[in-house]
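Trainee: Predicted model, plus sequence, below.
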Amino acid sequence: MILRQMTYKEKFVQMNKEAAATFIAVALIAAFWWVSGFALEKIDFTILYMPGWFVVGCAGSLVLSVCAVVFLVKKVYKNFSLTDDDTAGPT
């Protein structure tokens with residue numbers, strides 16, 4: 001695979017963009033878990049003998065996490081080398 005050459009500054013801008021997008025994804029997943037837990041707390045239903053709010057919160061968070069990872073990998077993350085010379089090995 002041919003990697004686009006990026007300047008040192010462009011690499012750090014991209015890393016900051018990836019970190020910010022990852023933080024937003026984690027914040028959304030945590031918010032979903034909290035909201036689903038408190039929103040469904042008053043509704044009394046069970047799934048496999050577990051409280052419904054717990055199952056919906058955990059299963060929904062799992063699905064949301066997988067969707068977030070797929071989105072981040074396809075749309076946000078870029079493949080680039082951190083070294084200036086691609087042939088340089090670990091030091």
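Mentor: It's in. Numbers count the residues shown, from 1 in each chain.
Trainee: Now do stretch 41-59: distance to the chain's middle.
Mentor: 24 Å (C-alpha atoms, centre = their mean, to the nearest Å).
Trainee: And Leu82, how far from Glu10?
Mentor: 12 Å (C-beta to C-beta, to the nearest Å). In short, each C-beta sits where N, CA and C put it, glycine included.
Trainee: Cys67 too?
Mentor: Distance of Cys67 to Glu10, given as C-beta to C-beta: 28 Å.
Trainee: tell me, how many neighbours does Leu62 end up with?
Mentor: 11 (other C-beta atoms under 10 Å).
Trainee: Residues in contact with the helix or strand harbouring it: which ones?
Mentor: Element membership for Leu62, per DSSP states H and E: helix 52-71. With contacts defined as C-beta atoms under 8 Å, 6 or more residues apart in numbering, helix 52-71 is touched by 25, 28-29, 32-33, 36-41, 43-48.
Trainee: cool, stretch 16-29 as well?
Mentor: So stretch 16-29 is contacted by Ser61, Leu64, Ser65, Ala68, Val69, Phe71, Leu72, Val76, Tyr77, Lys78 (C-beta under 8 Å, 6+ apart).
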